[in-house]
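[1] With the sequence up front, the predicted model follows.
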Amino acid sequence: MNKNPTNTRSMTHHHEKSEKSEEVPRNRARRQVAVGSCGLPRSAAMSLQHNTYFDGGVQSIGYEREGARQSVGVMAAGEYHFGTDAPERMTVVSGELVVKLPGSDDWQAFGSGTSFDVPGSSGFDLQVASSTAYLCEYL
């Protein structure tokens, strides 16, 4: 995680603010939450894995939440082929992916907010005109 001094001060200020006592009416209990890095409750801590593909042209952070594996990443402009072991759902967060799905000869464009599913034990081709952010859910 990249922490610059501005973000660190902001996070510290938020943390100090949440630790200060405040008057709470007697009929309402005050809830205290332990805060970890990034201001997340410690119970939300997770293991992150940085992935790099195609000489740095595609990078992602993989994580698991409630038993579901996902990754979020960015693809630089270029053409790529990905193989899949398990079924995947790709959602374009920002930008556009032009995709040739398995069993198809046609290229389809998917813009911000749209998704496509890829079967397991297959692969798909991508054309990326400019940097594009995505979410990959392993189904």
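    Perfect, thanks for sending it. Numbers count the residues shown, from 1 in each chain.
[2] Strands along the chain, start to end?
    49-53, 58-65, 68-75, 78-84, 88-94, 96-100, 108-111, 115-118, 122-128, 132-138 (DSSP state E).
[3] okay if I get the ones you listed as TSV plus mean neighbour count and mean pLDDT?
    Placement of C-beta: from N, CA and C, glycine included. As requested, these are arranged in TSV below (neighbours: other Cβ atoms under 10 Å; pLDDT from 0 to 100):
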stretch	mean neighbour count	mean pLDDT
strand 49-53	11	96
strand 58-65	15	95
strand 68-75	17	96
strand 78-84	13	97
strand 88-94	17	98
strand 96-100	18	98
strand 108-111	14	98
strand 115-118	14	98
strand 122-128	17	97
strand 132-138	18	97
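[4] what's in contact with stretch 56-71?
    Stretch 56-71 is contacted by residues 46-53, 72-76, 78, 80, 135-138 when judged by Cβ atoms under 8 Å, 6 or more residues apart in numbering.
[5] gap between the two ends of that stretch?
    One end of stretch 56-71 to the other measures 16 Å (Cα to Cα, to the nearest Å).
[6] do the same with stretch 81-99
    Termini of stretch 81-99 sit 10 Å apart (Cα to Cα).
[7] how does this structure divide into domains?
    5-44, 49-138 (automatic domain parsing).
[8] Just confirm G120 contacts P102, I think it does.
    No - judged on Cβ atoms under 8 Å, G120 makes no contact with P102 at a distance of 10.3 Å.
[9] for the closest residue to S115 other than its chain neighbours, what are its contacts?
    Spatial nearest neighbour of S115, excluding adjacent residues (Cβ to Cβ, 6 or more residues apart in numbering): T91 at 4.3 Å. T91 is in contact with G113, T114, S115, Y134, L135, C136, E137, counting by Cβ under 8 Å, 6+ apart.
[10] Test my guess that the last one contacts A86.
    This means E137. No - E137 is beyond contact range of A86, at 10.2 Å (criterion: Cβ under 8 Å).
[11] show me what contacts A133?
    V72, G73, V74, V92, V93, S94, G95.
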